[in-house]
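*Asks:* My questions concern the predicted model and sequence given below.
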Amino acid sequence: MALAGVRVIELAGLAPAPFCGMILSDFGARVIRVDRTKVTMAMDSLARGKQSVALNLKSPQGVAVLKKLCIQSDIVLEPYRKGVMEKLGLGPEELLKENPRLIYARLTGYGQSGSYAKTAGHDINYLAMSGLLSMLGRSSEKPYAPLNLVADFAGGGLMCALGIVLALLERSKSGQGQIIDASMVEGAAYVGSFMWKSRSLGLWNRPRGENMLDSGAPFYDTYQTSDGKHMAVGAIEPQFYDQLIQGLGLDAASLPPQMSFSDWPELRRTFARVFAEKTQAEWSRIFDGTDACVTPVLPLDEARSHPHNRERGSFLMDAQDEVSPRPAPVLSRTPARPCLSRDPVVGEHTRSVLEEYGFDPAHIEQLLSAGVVECNKAKARL
Ligand SMILES: C[C@H](CCC[C@H](C)C(=O)SCCNC(=O)CCNC(=O)[C@H](O)C(C)(C)COP(=O)(O)OP(=O)(O)OC[C@H]1O[C@@H](n2cnc3c(N)ncnc32)[C@H](O)[C@@H]1OP(=O)(O)O)[C@H]1CC[C@H]2[C@@H]3[C@H](O)C[C@@H]4C[C@H](O)CC[C@]4(C)[C@H]3C[C@H](O)[C@]12C
């Protein structure tokens with residue numbers, strides 16, 4: 001796999017850093033998640049392929065253990081508020097001094113500088129600060145955050161993984177590590193580059209929800225079907241729009257022109273009325289195999305079982321019978337081989353990892369009895 005041999009220390013976080021760690025793990029990196037001690041339940045649902053070490057960083061010995069793990073690794077991924085790692089004596093300066101090849105990835109909301117750097121926040125705040133949230137939502141409604149996809153995952157975890165891979169590539173030439181300042185505000189804004197750079201084309205001149213790609217256009221929207229489900233319509237180009245009209249059984253000559261903004265409300269009413277006449281399955285049969293750019297809006301389970309996704313094996317099932325997307329993209333020679341066994345229990349690999357990183361058995365026993373580290377076993381499933 002592409003990242004085979006790369007060792008990652010991931011400090012346990014909420015959502016973006018776990019996703020970043022899972023991407024690295026899916027593509028072959030060895031990811032050790034450092035959890036707190038005395039945790040009753042793991043919060044990380046993105047733990048595929050990771051190992052867990054439970055370590056109390058509120059003790060100087062715990063800090064020393066983490067330092068030893070970090071300086072023998074390729075990557076440290078930390079998701080804390082600015083200054084937390086420095087306060088522990090584990091800032092990038094200290095660690096890079098001991099391991100100049102280390103890639104030190106800092107995944108935060110607001111980045112390592114600026115007046116918001118130490119402020120708490122979540123996806124919706126970062127999305128708001130990126131400018132993008134102001135563009136998301138239906139006409140005459142308030143801005144609407146699309147789950148926590150854009151800042152946490154696209155602009156956060158994924159962008160940080162890109163930074164790490166770029167730093168690894170650069171290190172293969174220079175032999176040097178570096179610090180990655182991954183701000184979710186900036187990552188989200190960067191994901192939104194098209195919105196910024198296409199403003200001159202007039203694509204976003206109208207109020208929110210009234211533009212071509214923000215559900216303003218009747219040919220780029222969803223419609224309810226007679227069974228209460230929905231179809232997604234993305235028929236932008238004229239040749240595809242013609243196929244949409246044909247599939248809907250409408251007479252093009254009696255409709256207003258596709259790009260007549262003032263006629264969009266009327267056209268939307270017409271499409272809505274027609275879509276409401278048939279079930280989702282009926283519309284799918286009509287549009288399947290055409291270029292009308294009309295697809296069913298699938299719930300997660302149906303997405304998994306849709307013939308196209310089944311044919312490609314787009315989803316996988318793990319040993320816990322949990323279904324999730326397979327890693328993307330698919331590399332022809334060195335594809336990801338995601339781990340299918342169960343997720344780690346917090347502290348499950350403490351002993352084996354410490355042994356591997358050069359701690360002798362007596363030292364491990366001492367750390368255990370002092371409560372600095374914790375070893376836990378998976379409970380048998382009844
Ligand atoms: C799924 C839910 C998560 C939703 C994601 C949400 C929408 C997001 O947007 S995530 C993005 C959040 N932002 C960032 O990550 C930006 C960078 N980070 C930060 O800004 C901050 O870390 C922070 C704001 C996110 C949190 O601030 P906080 O003050 O808490 O922490 P920090 O200042 O960073 O400092 C960390 C301190 O911790 C110390 N530390 C660290 N490691 C250790 C260690 N090993 N040992 C000892 N101490 C340690 C460190 O030293 C710092 O200490 P100091 O402060 O003294 O310096 C989920 C959200 C809630 C979840 C549910 C909930 O938890 C209850 C259940 C729990 C159960 O286990 C599982 C089920 C739950 C229902 C759970 C379910 C989900 O996971 C949630 C709903």
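*Replies:* Cool, the structure landed.
*Asks:* Only C-alpha atoms from now on, for both contacts and neighbour counts.
*Replies:* Noted.
*Asks:* For residue 30, the count of nearby residues, please.
*Replies:* Neighbourhood size, residue 30 [other Cα atoms under 10 Å]: 22.
*Asks:* ok, now which ones touch the closest residue to it other than its chain neighbours?
*Replies:* The shortest distance from residue 30 to any residue other than its chain neighbours is 4.9 Å, reached at residue 7 (Cα to Cα, 6 or more residues apart in numbering). With Cα atoms under 8 Å, 6 or more residues apart in numbering as the criterion, the residues that contact residue 7 are 29-32, 73-75.
*Asks:* From residue 75, how far off is the nearest residue to residue 152 once chain neighbours are set aside?
*Replies:* Closest residue to residue 152 apart from its sequence neighbours, by Cα to Cα, 6+ apart: residue 16 at 4.9 Å. With the distance defined as Cα to Cα, to the nearest Å, residue 16 ends up 16 Å from residue 75.
*Asks:* just residue 235 next, same as before
*Replies:* From residue 235 across to residue 75, the span is 44 Å (Cα to Cα).
*Asks:* And the two? Which one has more around it.
*Replies:* Regarding residue 235 and residue 75, a neighbour count based on other Cα under 10 Å identifies residue 75 as having more, with 26 against 22.
*Asks:* surely the more buried one meets residue 8?
*Replies:* Yes. With contact taken as Cα atoms under 8 Å, residue 75 and residue 8 are classed as touching, separated by 4.7 Å.
*Asks:* re earlier: show me the contacts of residue 7 that map onto strands.
*Replies:* 30-32, 75 (DSSP state E).
*Asks:* Could you list the low-confidence segments of this protein?
*Replies:* Regions of the chain meeting the criterion pLDDT under 70 cover residues 380-382.
*Asks:* Distance of the most centrally placed residue in it relative to residue 90?
*Replies:* In the chain, the residue lying closest to the centroid (Cα atoms, centre = their mean) is residue 153, at 2.8 Å. Using Cα to Cα, one gets 26 Å for the distance from residue 153 to residue 90.
*Asks:* circling back: what number of residues lie near the closest residue to the residue nearest to the centre of the chain other than its chain neighbours?
*Replies:* Closest residue to residue 153 apart from its sequence neighbours, by Cα to Cα, 6+ apart: residue 16 at 5.5 Å. Look at residue 16: counted by other Cα under 10 Å, it has 28 neighbours.
*Asks:* In contact with residue 16, which residues are there?
*Replies:* Counting by Cα under 8 Å, 6+ apart, residue 16 makes contact with 107, 152-153, 156-158.
*Asks:* Can you report phi and psi for it?
*Replies:* Backbone geometry at residue 16, expressed as degrees, to the nearest 10, gives phi -70, psi -50.
*Asks:* what does residue 221 give?
*Replies:* When read as degrees, to the nearest 10, the backbone of residue 221 gives phi -160, psi -180.
*Asks:* got it, and residue 182?
*Replies:* With angles defined as degrees, to the nearest 10, residue 182 shows backbone torsions of phi -100, psi 100.
*Asks:* With the one 10 residues further on instead?
*Replies:* When quoted as degrees, to the nearest 10, the phi and psi of residue 192 stand at phi -90, psi 20.
*Asks:* ok, now residue 273?
*Replies:* Residue 273 has phi and psi values of phi -60, psi -40 when expressed as degrees, to the nearest 10.
*Asks:* what number of residues lie near it?
*Replies:* For residue 273, the tally of surrounding residues (other Cα under 10 Å) stands at 15.
*Asks:* burial measure for residue 378, as a count.
*Replies:* Residues near residue 378, counting by other Cα under 10 Å: 12.
*Asks:* do residue 22 as well
*Replies:* The number of residues packed around residue 22, counting by other Cα under 10 Å, is 26.
*Asks:* shouldn't it be in contact with residue 44?
*Replies:* No. Counting by Cα under 8 Å, no contact exists between residue 22 and residue 44, whose distance comes to 10.2 Å.
*Asks:* now the closest residue to residue 175 other than its chain neighbours: how far from residue 366?
*Replies:* Spatial nearest neighbour of residue 175, excluding adjacent residues (Cα to Cα, 6+ apart): residue 101 at 6.3 Å. In this view, residue 101 and residue 366 are 31 Å apart by Cα to Cα.
*Asks:* and if you look at residue 25?
*Replies:* Taken as Cα to Cα, the spacing of residue 25 relative to residue 366 amounts to 31 Å.
*Asks:* Contact residues of the stretch 51-200 of the chain facing the ligand?
*Replies:* The stretch 51-200 of the chain comes close to the ligand at residues 55-58, 79-81, 84, 108-109, 120-123, 148, 152, as judged by Cα under 6 Å from any ligand atom.
*Asks:* of these, buried ones?
*Replies:* The neighbour count (16 or more other Cα atoms under 10 Å) marks 55-57, 79-81, 108-109, 123, 152 as buried among these.
*Asks:* and those residues as TSV, adding secondary structure and distance to residue 180?
*Replies:* Formatted as TSV, these follow (DSSP: H, G, I helix; E, B strand; the rest coil; distance: Cα to Cα, whole Å):
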residue	secondary structure	distance to residue 180
55	strand	24
56	coil	25
57	coil	22
79	coil	12
80	coil	14
81	coil	15
108	strand	11
109	coil	13
123	helix	19
152	helix	16
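*Asks:* Cool, thanks, talk later.
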